[in-house]
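S.K.: The following block contains a protein sequence and its predicted model.
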Amino acid sequence: MALGFLSAGTITWIVLKPETSPVSRPGAAAMSSSSDEEKRRHREQFFGGNSDRNIRGGQEMKPRW
């Protein structure tokens, strides 16, 4: 039982630990912000959907039972 708590705590710590990356050179901060901007743009494009498509009168969803 103690082993279960230990492994659950370890997994939780690995998942939730803060990511620390020391900036070693002056240009690294600028590069990370442009990378963050690129990631944000990619997420918006991926999850944004097609704004030209009308989805209001779509097919009715029926339960399978």
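M.R.: Received, thanks.

S.K.: max-length helix in this structure?
M.R.: Criterion DSSP state H: the longest helix present in the chain is helix 28-48.

S.K.: Figure out how far that helix is from the centre of its chain.
M.R.: Averaging C-alpha positions (C-alpha atoms, centre = their mean, to the nearest Å) puts helix 28-48 12 Å from its chain's average.

S.K.: What about Asp52, how many residues nearby?
M.R.: By the criterion of other C-beta atoms under 10 Å, Asp52 has 5 neighbours. Glycine gets a C-beta too; all of them are placed from N, C-alpha and C.

S.K.: now swap in Trp65 and tell me
M.R.: Around Trp65 there are 3 residues (other C-beta under 10 Å).

S.K.: What pLDDT is listed against it?
M.R.: What the model reports for Trp65 is a pLDDT of 81.

S.K.: do you know how far it is from Trp13?
M.R.: Between Trp65 and Trp13 the computed distance is 42 Å (C-beta to C-beta, to the nearest Å).

S.K.: And Gln59, by the same measure?
M.R.: 45 Å.

S.K.: same thing with Arg40?
M.R.: From Arg40 to Trp13 the distance is 28 Å (C-beta to C-beta).

S.K.: follow-up on the earlier one: more neighbours: Gln59 and Trp13, which one.
M.R.: Applying other C-beta under 10 Å to Gln59 and Trp13 shows that Trp13 carries more neighbours, namely 9 against 5.

S.K.: What helix or strand is the more buried one located in?
M.R.: Applying DSSP states H and E as the criterion places Trp13 in helix 2-16.

S.K.: Geometric centre of this protein: which residue is closest?
M.R.: Arg43 (8.5 Å; C-alpha atoms, centre = their mean).

S.K.: Pull up the gap between Ser34 and Arg41, please.
M.R.: Applying C-beta to C-beta to Ser34 and Arg41 gives a distance of 11 Å.

S.K.: In contact with Gly48: list those residues for me.
M.R.: Applying C-beta atoms under 8 Å, 6 or more residues apart in numbering to Gly48 gives no contacts.
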